[in-house]
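> this is a predicted model, with the sequence first.
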Amino acid sequence: MMSDLTKFTLAEARDAVASKKVSSLELTRAHIDAIEKARGLNAYVVETPDKALDMAKASDARIAAGHAGPLEGLPLGIKDLYATEGVHMQACSHILDGFKPPYESTVTSQLWRDGAVMLGKLNMDEFAMGSSNETSYYGPVASPWLPAGWDAEKGRAALKGDKKGLLVPGGSSGGSSSAVAAHLCLGATATDTGGSIRQPAAFTGTVGIKPTYGRCSRWGVAAFASSLDQAGPIARTVRDTAIMLRSMAGYDAKDSTSVNAPVPDYEKAVGASIKGKKIGIPKEYRIEGMPAEIEALWQQGIEWLRAAGAEIVDISLPHTKTALPAYYIVAPAEASSNLARYDGVRYGLRVPGKDISSMYENTRAEGFGREVRRRIMIGTYVLSAGYYDAYYVRAQKIRTLIKRDFELAYNDGIDAILTPATPSAAFGIGEKGSADPVEMYLNDVFTVTVNMAGLPGLAVPGGLSASGLPLGLQLIGRPFEEETLFSVAEVIEQAAGRISLPQAWW
Amino acid sequence: MTTTAKPSKLIKGATGDWEIVVGMEIHAQITSHSKLFSSASTSFGGDQNSHVTLVDAAMPGMLPVINEECVKQAIRTGLGLKAKINHRSVFDRKNYFYPDLPQGYQISQFKDPIVGEGEVIVDVSASEQIIVGIERLHLEQDAGKSLHDQSPTESFVDLNRSGVALMEIVSRPDIRSAEEARAYVTKLRTILRYLGTCDGNMEEGSLRADVNVSVRRPGEPLGTRCEIKNVNSIRFIGQAVDVEARRQIAIIEDGGKIDQETRLFDPGKGETRSMRSKEEAHDYRYFPDPDLLPLEFDQAFVDELAKGLPELPDDKRSRFIADYGLPAYDAGVLVMERESADYFEAVARGRDAKLAANWVINELFGRLNKEGKTIAASPVSSQQLGAIVELISAGTISGKIAKDLFEIVWSEGGDPHAIVEQRGMKQVTDTGAIEKAVDEIIAANPEKVEQAKAKPTMLGWFVGQVMKQTGGKANPEAVNTLLKQKLGI
């Protein structure tokens, strides 16, 4: 038996629990201990050890009785954007102060249905708005990866202070990526509106998939931008994400945008041959100023896939460069409306005022952080009379064009598209975006196109940067063909060799 | 360009004639078990906040799911308004903050409504019909209700209505008087009730009107309009139009100009007052609701609903005129409510239809109105009234006796045929018996006989005496004929 039960992959843990080599209780206790020791990283905003132990005991009973589910007894972390019945859900915002929903999101309820165990709620950028997990009301999350030249002692000192200089775990699902990379759960739920699963996965050497829009129910997940939001998993291997996605996906009559299509056993696609698959390489993703090591990583990825028998095809997605500006109109527009419900009237924070208007103003000024307020203002502006056509309508047209770019590529027989996941490796906490928010927004340059087109996208580690930090490759698939992504990603995973995640220094 | 009203509808101002132009937005609550996007009950009068789901309260992560029955009701209504049904429509968000609007936006339809252009034939009076164009009908959510009278320091919110389905029916500015405005709403309500798509209950708020009023010199372009919000009775709609038109005329005649604004009608004071100006108007930032797919259906879906529609009032009215030979006005009165029309048909079937119409309209409606009863609660059933009509037609009872019989049936119930038998109410048609009474009266009143010979209108006095003696049962025609004969007049 493995000495540290948190070092299992999710698949390994599943097999160990199913074969009764390890009990869910032991597995869960190991994770609870690890979480306690890792509080400095700030990955969890709420720990639910009692609930976890109860769920683990129930899992062990089901295993003993011979009816274990596909995720039976496996401890997971849940992003704070998901409603969890009776447990804190605040989207890491002050405005939802004290909110404990009387309902469970569809996605998490499916995880519990399949036997998973909840360890707690994971930190994130406030309302999923951010690319570094620095906008959380609960403070930034540190990546378990140390900056080049840092030793454990320096890292620990920084954790005790303002964390400046430590690396960001990406965002918005920074708590999820950090917790997975630091072995504080076997896998985590995350969400992705413009890259919030794939960019944090790339920054932490983990695997994350944003499935096709409509694949997972959005019911019970606080909305950021409804037409772009999708749930998905972050885990340590391609196989692990495939296992988790099978439980998370599925049609939900309570979400009008969810799609009624059967959920395949994604794990079966892991290890399948990619011989003859046509992999598109879009020239527009070779952006100006892209570091040479990112270019080299991409080239390496191409070589690996070619070596595995895939056909590499140069393609063009001509509207790529318009995606980011269009995204930063569509997403804030929807957000400005979605976040209107946080008004201090029915739940969460209320800051009194002399009348209803001042109550609204006080509550929302105090309840929302700077970045959320900025996006609400941008969104309100672009939807305003006189600006709507110039901004929102044009952005929607661009969206149609981006979608068409992909459709044309897929019509030409392309099975998947390979790109870098991010334009750089992880940066330091406090390093970006304080003067110019666009500096931060540029992190999403390779990922937003996928949300705009509603396609599945997966980030898988491809190697390390010169300074020893993980770099990710992105695979973009055809609608509802997540299986292809799992097959191709596993080839990269095998070729790159599993990145060894940092040993606990925290 | 819209038509100009008849001269009789113009309002006289100090400086000449003015024409009123009215267009209306009617908010009609859809008859359905559950709300537009949630499973909460729509029933009226529950405890505060007892008909509220997580969706209606806009909890984080909640999503709307369209209630198909509400869509069907909107299509049925569109068909009833002879309107274009749009096979693809889009739900938009109308954004504004208010405590009784939990989402911070109302889900409505802005650019692409479910129903397009149609028309309503409006009976303004016995002799006048106008056509009011329908611009569109769209689906939207109702808001909750703010309660300001529960506490001196706080306001409360009741979300029972939050999310209830409404149809907003927008008319063209085709209405030219308060009378026409009332008649339009009355007719629209009749159609909605026939269709069963809205109960039209204005007291409970199921039907509310925003009334757009402007004035102009006859033949001139449209004037600046003011919108009078949320008028909740047909009578008030008429009053609001008049009061607002006169206010606007007074301003213009004093050299002022009308500011486009939203106003409220105060029935107590009989005035409208400003609610908010155009400058204060909200920017609703409409955009397509990303939580909902466009609403799409095919013609077969519409055809299926069309097949299930009831006969509508205009068709029914034409049929009553053609089949029963009723005067247009009577037919119009009878079809106002579907229940009345059904009642009438039950009475008329196989009987004298005109007589049936008279009895339904004059006796029955008169009596129901007097006692504030609906036709459904009528103590006299259609079978009973049919029997009464039958007895009259057969000459078994006179019209006068029939009224007594109606009273008995109204208050005591029972089979009219049996009542007539048991209480000896049959008309005396036996000439012998009538002649006997006539002879006795003539013999007893020689001076009156002389007077009658000189002044034939005295006949009425003799008729009265004979009827009195026979207990009202003598056939009046027979009495008349015999008296004339015997008196030689």
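Thanks, I have the structure now.
> burial count for residue 377?
No chain was given, so I picked chain A. Residue A:377 sits with 12 neighbouring residues when counted by other C-beta atoms under 10 Å in any protein chain shown. Backbone N, C-alpha and C define where each C-beta goes, glycine included.
> wait, I meant chain B there
The tally of other residues near residue B:377 (other C-beta under 10 Å) stands at 9.
> and the closest residue in space to residue B:14 that isn't next to it in sequence, what does it touch?
Of all residues not flanking residue B:14 in the chain, residue B:253 sits nearest, at 5.2 Å (C-beta to C-beta, 6 or more residues apart in numbering or on different chains). Residue B:253 is in contact with B:13, B:14, B:15, counting by C-beta atoms under 8 Å, 6 or more residues apart in numbering or on different chains.
> also residue A:88?
A:45, A:46, A:80, A:99, A:100, A:121.
> where's it relative to residue A:187, distance?
Distance, residue A:88 to residue A:187, by C-beta to C-beta, to the nearest Å: 20 Å.
> go on, residue B:355?
Using C-beta to C-beta, residue B:355 is found at 84 Å from residue A:187.
> who has more neighbours out of those two?
When neighbours are counted by other C-beta under 10 Å, residue A:187 comes out ahead of the other of residue B:355 and residue A:187, with 31 against 18.
> residues of stretch A:96-105 that come out buried?
Of the residues in stretch A:96-105, A:96, A:97, A:99, A:101, A:103, A:104, A:105 count as buried by neighbour count, 16 or more other C-beta atoms under 10 Å in any protein chain shown.
> likewise stretch B:179-197?
Applying a neighbour-count criterion of 16+ other C-beta under 10 Å, one finds B:179-195, B:197 buried in stretch B:179-197.
> stretch A:423-441 now?
Neighbour-count burial for stretch A:423-441 flags A:423-433, A:437, A:440-441 (criterion: 16+ other C-beta under 10 Å).
> of all these, which comes closest to residue B:66?
Closest to residue B:66 out of the buried residues of stretch A:423-441 is residue A:441 (34.6 Å), distances taken as C-beta to C-beta.
> now do the phi/psi pair for the closest one.
phi -60, psi -30 (degrees, to the nearest 10).
> surely it and residue A:329 touch.
No - applying C-beta atoms under 8 Å, one finds residue A:441 not in contact with residue A:329, separated by 11.8 Å.
> check contacts around the residue of chain B found nearest chain A.
Using C-beta to the nearest C-beta, the closest approach of chain B to chain A is made by residue B:104 at 2.3 Å. By C-beta under 8 Å, 6+ apart, the residues touching residue B:104 are A:337, A:339, A:340, A:341, A:343, B:58, B:95, B:96, B:97.
> please apply the same query to residue B:187.
Residues near residue B:187 by C-beta under 8 Å, 6+ apart: B:120, B:121, B:122, B:123, B:313.
> cool, residue A:423 as well?
Applying C-beta under 8 Å, 6+ apart to residue A:423 gives the contacts A:287, A:290, A:291, A:294, A:442, A:443, A:445, A:446.
> distance of it from chain B?
Remark: distance between residue A:423 and chain B (C-beta to the nearest C-beta, to the nearest Å) = 28 Å.
> next one: residue A:279
From residue A:279 across to chain B, the span is 32 Å (C-beta to the nearest C-beta).
> not counting sequence-adjacent ones, nearest residue to that residue?
With sequence-adjacent residues excluded and distances taken as C-beta to C-beta, 6+ apart, residue A:279 is closest to residue A:310, at 4.8 Å.
> my read: that neighbour touches residue A:280, true?
No - when contacts are counted by C-beta under 8 Å, residue A:310 is not listed as touching residue A:280 (10.5 Å).
> and the pLDDT for residue A:2?
Looking at residue A:2, its pLDDT stands at 51.
> again but with residue B:71, I slipped
pLDDT for residue B:71: 98.
> which strands or helices does the helix or strand where it lies pack on?
Under the criterion DSSP states H and E, the helix or strand holding residue B:71 is helix B:68-80. With contacts taken as 3 or more C-beta pairs under 8 Å, 6 or more residues apart in numbering or on different chains; DSSP states H and E, helix B:68-80 sits against strand B:128-141, strand B:165-171, helix B:178-195, helix B:299-307.
> would JSON lines of the ones you listed with mean pLDDT be doable?
Formatted as JSON lines, those follow (pLDDT from 0 to 100):
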{"stretch": "strand B:128-141", "mean pLDDT": "97"}
{"stretch": "strand B:165-171", "mean pLDDT": "98"}
{"stretch": "helix B:178-195", "mean pLDDT": "97"}
{"stretch": "helix B:299-307", "mean pLDDT": "98"}
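> need the ones you listed in CSV with distance to residue B:31, can you?
Listed next are the helices and strands packed on helix B:68-80 as CSV, based on distance: least, C-beta to C-beta, whole Å:
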stretch, distance to residue B:31
strand B:128-141, 14
strand B:165-171, 9
helix B:178-195, 9
helix B:299-307, 14
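> of all these, which one comes closest to residue A:416?
Closest to residue A:416 of the helices and strands packed on helix B:68-80, according to C-beta to C-beta: helix B:299-307, at 38.9 Å.
> so the closest one versus helix B:68-80, what angle?
Between the axes of helix B:299-307 and helix B:68-80, defined by axes from the mean of the first three to the mean of the last three C-alpha atoms, to 10 degrees, the angle is 70 degrees.
> can you list the buried residues in helix B:299-307?
Judged by neighbour count using 16+ other C-beta under 10 Å, the buried positions of helix B:299-307 are B:301, B:302, B:305.
> hang on, residue B:166 packs against residue B:138?
No - the criterion here is C-beta under 8 Å, and residue B:166 misses it with residue B:138 at 9.1 Å.
> so for the residue in the stretch 351-500 of chain A that chain B sits nearest to, what pLDDT did the model give?
When scored by C-beta to the nearest C-beta, the stretch 351-500 of chain A has residue A:383 as its residue closest to chain B, at 3.8 Å. Residue A:383 is assigned a predicted lDDT (pLDDT) of 97.
> pretty sure it sits against residue B:105.
No - contact criterion C-beta under 8 Å: residue A:383 and residue B:105 do not qualify, at 10.7 Å.
> can you list residues touching both of these two?
Shared contacts of residue A:383 and residue B:105, defined by C-beta under 8 Å, 6+ apart, are found at A:337, B:95.
> and residue B:156, what does it touch?
Residues near residue B:156 by C-beta under 8 Å, 6+ apart: B:48, B:146, B:147, B:150.
> in this structure residue B:79 contacts residue B:73, no?
No - contact criterion C-beta under 8 Å: residue B:79 and residue B:73 do not qualify, at 10.8 Å.
> among these two, which residue is more densely surrounded?
More neighbours surround residue B:73 than the other of residue B:79 and residue B:73, with 24 against 21 (other C-beta under 10 Å).
> residue contacts, that one?
Counting by C-beta under 8 Å, 6+ apart, residue B:73 makes contact with B:30, B:31, B:32, B:165, B:167, B:195, B:197, B:198.
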